[in-house]
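Colleague: I'd like to go over a predicted model; first the sequence, then the structure.
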Amino acid sequence: MYANPPREQIALEQLREIQSERLKKTVAWAGEKSPFYRKKFRACGIEKGDIKSLADISRFPFTTLEELRQTPAADFLTLPYSGVARISLWEHPQHMIRMYTRNDIAVHVEMMARVLTAAGIHGGSIVGILGDMADSGLMDTQYALEILGATAIPLSTEYERVIRLMDDIGIDTIIGSSRRVLRLVVQAQAAGKDIAEYPAGKILCLSETLNTPLKTHIEKRTNTQVYNLFSTAEFGCLGMLYSCDAHAGQHFQEDYFYPEIVAFGSDEVITEAGRMGELVVTTLSAEAMPIIRGRTGQTIRREPSPCACGRTLLRLTTPLGII
């Protein structure tokens, strides 16, 4: 199933046109409006108009993880607070404030609709959202579920309440961080219950890393199919990458983010498939807090073969293979 077939099965030539147009606008916007990038571009002798094609992005400096984590959110912000529709505190891997315009939120909800649909969630699904609903990513998830026509149940972080809801309602899917899912397993066991005996057949596990080994462990403990979902505080969203039923890597949302793979210990951009490197991401639609060549610290490789699911968006894998 697809949430947006024209984009998820987009032809490469059309995708490159969309990326090129959006990249020019993003770099110009960030270079003019963001205090952080205005200063950074000036220090590197780069002008906001220096980007004429996708290849020109390599002329721009990287944004390091340290900069993303330690720079005040207001220095990345490109517009006054009157233009901000939402402010959210992301807590993992560390506390970070992220801000969004209405269009940013709409994009994130669209991405999450793709994520959920690829995991087999549909109008008849009953989905429990495990976590603090002040989390922007979980808010986007609830909106996307409602758009798909699924039943969304905010489960909160009070595990007695969660178990009571699971006892009374036939939840077929759980969405939550890996650590919260594991804690739910432990809390249910302490209450004399076995999560594996509940009707939930799949779990979307939010994780700060792409190559988490917890997938197999959680599947065994819960008797479910687990879809790993990259949750990144630095980019303030959940839907950048997503798994499909083929479970052969993760699709990258290339119409909203531009990916590069960079060799370890250097600035060399890797173009050949199958070679490992660090994932570097430039936002293509973020209005409030765009990020130019943000280093993620994630080890990744590009898979050249078409995915069995029919999606044409870039497919990435980690050293562990399946993510």
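Modeller: Sure thing, it's come through. Computed from a prediction, not measured in an experiment: that's the story for all the values here.

Colleague: What segments of the stretch 201-323 of the chain are helices?
Modeller: Taking DSSP state H, counting those that start in this stretch as the test, the helices found in the stretch 201-323 of the chain are 214-222.

Colleague: show me where pLDDT drops low in it?
Modeller: Scanning the stretch 201-323 of the chain for pLDDT under 70 picks out the ranges 211, 320-323.

Colleague: What residues does Leu214 make contact with?
Modeller: Ser178, Leu182, Cys205, Ser207 (C-beta atoms under 8 Å, 6 or more residues apart in numbering). Every C-beta, even on glycine, is put in place using the N, C-alpha and C of the backbone.

Colleague: Tell me the spacing between it and Arg59.
Modeller: Distance of Leu214 to Arg59, computed by C-beta to C-beta, to the nearest Å: 39 Å.

Colleague: Which residue is most remote from the mean position of this protein?
Modeller: In the chain, counting by C-alpha atoms, centre = their mean, Gly192 sits farthest out from the average C-alpha position, at 35.0 Å.

Colleague: contacting residues for Gln225?
Modeller: Counting by C-beta under 8 Å, 6+ apart, Gln225 has contacts Gly201, Lys202, Ile203, Glu219.

Colleague: If we use 7 Å, what do you get?
Modeller: Going by C-beta atoms under 7 Å, 6 or more residues apart in numbering, Gln225 touches Gly201, Lys202, Glu219.

Colleague: again, but for Ser136
Modeller: Arg86, Ser88, Arg98, Tyr100, Gly236.

Colleague: Using JSON lines, lay out these together with distance to Thr317.
Modeller: As requested, the contacts of Ser136 are arranged in JSON lines below (distance: C-beta to C-beta, whole Å):
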{"residue": "Arg86", "distance to Thr317": "33"}
{"residue": "Ser88", "distance to Thr317": "30"}
{"residue": "Arg98", "distance to Thr317": "27"}
{"residue": "Tyr100", "distance to Thr317": "30"}
{"residue": "Gly236", "distance to Thr317": "24"}
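
Colleague: With Leu206 as the reference, measure out to the nearest residue to His108 once chain neighbours are set aside.
Modeller: Distances taken as C-beta to C-beta, 6 or more residues apart in numbering put Asp140 closest to His108, at 4.4 Å, once the chain neighbours are dropped. In this view, Asp140 and Leu206 are 12 Å apart by C-beta to C-beta.

Colleague: where do the contact lists of the two overlap?
Modeller: With C-beta under 7 Å, 6+ apart as the test, Asp140 and Leu206 both reach Leu238.

Colleague: More neighbours: those two, which one.
Modeller: Ranked by neighbour count (other C-beta atoms under 10 Å), Asp140 and Leu206 place Asp140 first, with 27 against 24.

Colleague: Just give me the neighbour total for Gly277.
Modeller: 19.

Colleague: which residues touch it?
Modeller: By C-beta under 7 Å, 6+ apart, the residues touching Gly277 are Ile261, Val262, Ala263, Phe264, Ile270, Ile300.

Colleague: For ChimeraX, write a command that selects the buried ones of these.
Modeller: Remark: buried members of the contacts of Gly277, expressed as a ChimeraX selection using 16 or more other C-beta atoms under 10 Å:
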select :261,262,270,300
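
Colleague: could I get the contacts of Gly277 as CSV with distance to Val115?
Modeller: Listed next are the contacts of Gly277 as CSV, based on distance: C-beta to C-beta, whole Å:
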residue, distance to Val115
Ile261, 22
Val262, 25
Ala263, 29
Phe264, 29
Ile270, 26
Ile300, 18
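
Colleague: Tell me the one of the contacts of Gly277 nearest Ser231?
Modeller: Ser231 lies nearest to Ile300 out of the contacts of Gly277, by C-beta to C-beta, at 15.9 Å.

Colleague: State the distance from the closest one to Ala248.
Modeller: Separation of Ile300 from Ala248 (C-beta to C-beta): 14 Å.

Colleague: can you pull out the strands in the stretch 201-323 of the chain?
Modeller: Applying DSSP state E, counting those that start in this stretch to the stretch 201-323 of the chain gives strands spanning 202-207, 225-230, 241-242, 250-252, 257-262, 269-270, 277-283, 294-303, 315-317.
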